[in-house]
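J.: Here's my sequence, what's the structure:
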Amino acid sequence: MTMKSSLLPRHLPGFILAAALAASPAQSQTTYSQAVLADKPLFYWNFDQEEIGAGIVQQTPRAEVPVENDLVAVQSASRVTHESIGSGLRLGSTASLDGAGYFASPASLRAGKPQLTGAYALEVWIRSQGDNPTAYLLNFGVDPGGDNAPALIYNFLGPMLELFGGNGGRTGDLGPVFEDQLWHHVLVVYYGNGTDGVGAHTDFYLDGSLTTGLNPVSRRLSFDRLIVGAALPSGVNGFAGNMDELAVYDLQAKGLADEAAVEAWASGLATRHRASAMAASGPAYSAVVKADEPLLYWNFDETDPTAPAAQQMSITNGGAGDNLLIAEGSPVLYTHEELGSTLKLGRTADLVGTSFFHARPLTSDTGISFLPGPYVVELWLQSLADNGGAYLVNFGDYTAAGDNSPAVIYNFDPPAPLHLELFGGGGGRTALSGPIMADQAWHHLVAVYYGGGGEGVADRLDFYFDKQNYPRVGPVVKPLSLGGLVAGAGLLNGANQFTGRIDELAVYDLSDLPDEAAVTAKVSSMVEAHFTAAGGTLPETVVTIGTQPQGKTANIGDTAVFSVSATVTGTNEPLTFQWFRDGLALVGEVAATYSIPALALGDVGTHNYTVRVSAGQVFKDSAAAALTVNAPPPLAQTAYAKQMIADAPVLYWNFDEASGPAAQLMPLDPAPATGANDLVPSVAARRADHTATASGLNLGYTADFSGNGYFKKLLETNLSELNGPFGVELWIQSLGDNPNTYLVNFGNHEVAGGDNSPALIYNFNAGYLELFGPARTTTEGPPLEDNEWHHLVYVFYGNDSVGVAPLLEIYLDGQAYSITNTTAWRVSLAGILVGAALPNGVNGFTGRLDEIAVYDFSTAFDEAALRSKVQSLIITHMQAATTVTPPATASIAINVSGPNATLTWSAQGGVILQESPDQLVQRG
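T.: Numbering: from 1, shown residues only. Purely as a prediction, here's the structure:
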């Protein structure tokens, strides 16, 4: 990019900085913003306001009456008309609740602000139709179930109403009382807490009668969620009766400046609204309420008994108060001109590595919580530091440790080139396939998620970096969560902060496009238009590939050579090369020619090799060259495998296939072994040959890992888990530093974080093998600090409640490491992942793993018997690992009588077959 930038105003004294900002002129809407808004982003922040204030304003216009504020009927919640129940009130229909059902907002309420600080008021009509001990009428606050922010409750301290603010207190046992089954009008007025609002007290009006002098409450009203008629989504503390005409009033916005003004307003409203509801004629009650301008209002007057209750009030600020990016750590806004940037983008956010922005949750007119795909994330950025392990944007609910749903991250693999990535947590990451940003210039980045895992229009992810397309850089499978957003860091605590500048952040929902081609056409057009509108320029650099790498077919032991020729015009930058196998960068392969001196077992099958030829930021990808390596003949069953099968583990994989899935060899439940539980390899998982690698073990083939590959399977068995005693056995060879690596992870690896039920881990405590799950064996287990092959067995004897003894033992090459145990360990048979922690390859192992088996030892009758069995298995298996497997066909020749009387047999599959002569000759 040629957009120049200055590092000038980064650390000015505060008073100079304030003066500079005060002198900055207001920004009219830029041509760039007009271009972005024309493409109808779901969310868009352009950072062009003069001051940050309450937050960076989201620019996409919003519908005036948002559907996400509608309250959904849950379980048995319904409606009846006032006429049908003879209430005598002119209120149309009412919510009908039986103590189990309730109405609730499916997402956060959109009210133009995240909360009300005070003063505020809550209004509702209620009728009790049961005993209603400890009942919740309203509960505001974050899902799942509200956090009493605040709650309107009944009959906790006798038959009275209370405002309950969790740790903020409750109005207590002096509240208004009713013990009948009549209709009542309730108005709760929260004046404030002495800091917020206009006073430090809360009043109730019950049927127009004032109750004051209550215990103080300090609680802002949260719009994160609302439940009407229960405390939690489980229906606990449910209310049996009717509720109607619920309204929320922002008294601060009404300009009520003191307690007297609030009291006069509340008294008048209670009188007017009761009179309207009870009058035989006159304006509709809803019209009377709307005239008093509540912030939110639900009247439950829908005809369908179970339809959502529509929120009636317009949110008239056009979305300016919604989805604010709240500043942390004092980021600063500068104009691009002030920074010496030639981009026509108005202002930008300057982040110094201790500042960032966040918003939670993001609310849209659709009311959805996720974008399944296709979707687009777009931004401009400038890096001003090393930024190792930095997050640019992280989507998801960051109160739960950050979702990575997804995240745009940078420089997570030093000393590799400084790559930009899309990271989806357990959904994978683009790793070294994405664009490289190795300077301090401004850049335009667009991530295009076409879909994945059956959602969207294709399993595909693209980047555009300064208009250059990086196609199919996945695999990543991650819908975009609207649970929240952090920009400039990974978490709300500021972890993984970015030092630099971020601008023009936008999110697009392209789910209305019919297919992959339509998404590509839309995004490529959008990228061109936005780049042009920003005033961005690119050097006229062109990389041309002359000779493409050629595919070939070969055998194990052959040599394979790929080469490319290319030229570049328009720059003095030298050409650089990076080779890829199946889309994964081959570390260190950066020449125009890539050679494989001797093809090995890990090359069996068909693999696509490509090369990226670059000149600075401009590059060209070659066509794919397919290398097909023929599989060797199938291996004969090893003596070790025969012994393993005879010892009857529950599950057993020996990785003796030349390529593809690893067969599960044991019957289950007690069906015969099928392919249902074969371990599926990732593109980076390979096999190696014990003989070819001179391991000294007669174990056939082994799984071979390079730090980013794995085998995995969600298991299909009626046996869900082993509660103990149990054992896990494998062979291991470490071939790298392997910091914080997973060998095997049991459980459902598709859930966030994986199950660790349990996990076999290595080097989390330097040099030690551990069992990790509900507890950790830490440094009580065996040490492993070499590159040799080792035999490893984990045995759970039990704890104080189950099994035969409160003991764990880990055997390394037959040596026992005993660990006193009080933890209830179990082996989940929901799934297994070998060679990494999660399907994104995190905590990947470099080395080889082989002969993985799981044992059910629950029939052991005491500790001594189990130990004897385990030690016998270990001795037998270690001996079998060095036993030479006899050839599949053996010949025996016996001289019977003279030089021409020879008998020959062959052993095939255990059957002795005579081969010559054709007939035996009877000799006397």
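J.: contacts and neighbour counts: CA atoms only from here.
T.: OK.
J.: Not counting sequence-adjacent ones, nearest residue to Pro308?
T.: In this structure, Pro308 finds its nearest non-sequential neighbour in Val72, 4.4 Å apart by Cα to Cα, 6 or more residues apart in numbering.
J.: wait, isn't the one you found in contact with Gln311?
T.: No: using Cα atoms under 8 Å, Val72 is not in contact with Gln311; the gap is 10.9 Å.
J.: so how far is His419 from Asp258?
T.: With distances taken as Cα to Cα, to the nearest Å, Asp258 is found 57 Å from His419.
J.: Helix or strand: which one has the residue nearest to Pro308?
T.: Assigned by DSSP states H and E, Val72 falls within strand 72-74.
J.: What is that strand packed up against?
T.: strand 102-104 (3 or more Cα pairs under 8 Å, 6 or more residues apart in numbering; DSSP states H and E).
J.: Tell me the confidence at Ile852?
T.: For Ile852, the pLDDT comes out at 99.
J.: can you pull the contacts of Ser734?
T.: Asp786, Asn787, Glu788, Trp789, Phe845, Thr846, Gly847, Arg848 (Cα atoms under 8 Å, 6 or more residues apart in numbering).
J.: which of the residues you listed count as buried?
T.: Trp789, Phe845, Thr846, Gly847, Arg848 (16 or more other Cα atoms under 10 Å).
J.: so of these, which ones are in helices?
T.: Among these, no member falls in helices (criterion: DSSP state H).
J.: returning to that earlier point: of Asp258 and His419, which one has the most company?
T.: Neighbours per residue (other Cα atoms under 10 Å) separate Asp258 from His419, with His419 holding more: 20 against 14.
J.: who touches the residue nearest to that one when sequence neighbours are not counted in this structure?
T.: Of all residues not flanking His419 in the chain, Ile436 sits nearest, at 4.4 Å (Cα to Cα, 6+ apart). Applying Cα under 8 Å, 6+ apart, we find Ile436 in contact with Pro417, Leu418, His419, Leu420, Gln617.
J.: run the last query once more with 10 Å
T.: Tyr410, Asn411, Ala416, Pro417, Leu418, His419, Leu420, Glu421, Phe465, Gly616, Gln617 (Cα atoms under 10 Å, 6 or more residues apart in numbering).
J.: And it, what's its pLDDT?
T.: 89.
J.: Please report how far it lies from Ile409.
T.: In terms of Cα to Cα, Ile436 sits 12 Å off from Ile409.
J.: So for the two, which residues contact both of them?
T.: Counting by Cα under 10 Å, 6+ apart, the residues touching both Ile436 and Ile409 are His419, Leu420, Glu421.
J.: can you list these in JSON lines and add distance to Pro305?
T.: What follows is the shared contacts of Ile436 and Ile409, written out as JSON lines (distance: Cα to Cα, whole Å):
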{"residue": "His419", "distance to Pro305": "55"}
{"residue": "Leu420", "distance to Pro305": "51"}
{"residue": "Glu421", "distance to Pro305": "49"}
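J.: The residues you listed into a markdown table, with extra columns for pLDDT and distance to Tyr470?
T.: Putting the shared contacts of Ile436 and Ile409 into a markdown table (pLDDT from 0 to 100; distance: Cα to Cα, whole Å) gives the following:
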| residue | pLDDT | distance to Tyr470 |
| --- | --- | --- |
| His419 | 84 | 12 |
| Leu420 | 91 | 11 |
| Glu421 | 91 | 11 |
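J.: Restricted to strands, list those.
T.: Leu420, Glu421 (DSSP state E).
J.: residues contacting the residue nearest to Ala135 when sequence neighbours are not counted?
T.: The shortest distance from Ala135 to any non-neighbouring residue, by Cα to Cα, 6+ apart, is to Asn237 (4.7 Å). Contact analysis of Asn237 by Cα under 10 Å, 6+ apart lists 99-100, 132-137, 153-154, 229-231.
J.: re the thing from before, right, and the residue nearest to Pro308 touches Ile227 too?
T.: Yes: at 9.5 Å, Val72 counts as touching Ile227 under the criterion of Cα atoms under 10 Å.
J.: which of those two has more neighbours?
T.: Ile227 (27 against 20).
J.: Run through the stretch 351-500 of the chain and note the low-pLDDT ranges.
T.: Scanning the stretch 351-500 of the chain for pLDDT under 70 picks out 365-367, 399-402, 414-417.
J.: Show me where it has its strands.
T.: 356-359, 370-371, 375-383, 390-395, 407-410, 420-423, 442-452, 455-456, 460-465, 468-470, 480-481, 485-487, 499-509 (DSSP state E, counting those that start in this stretch).
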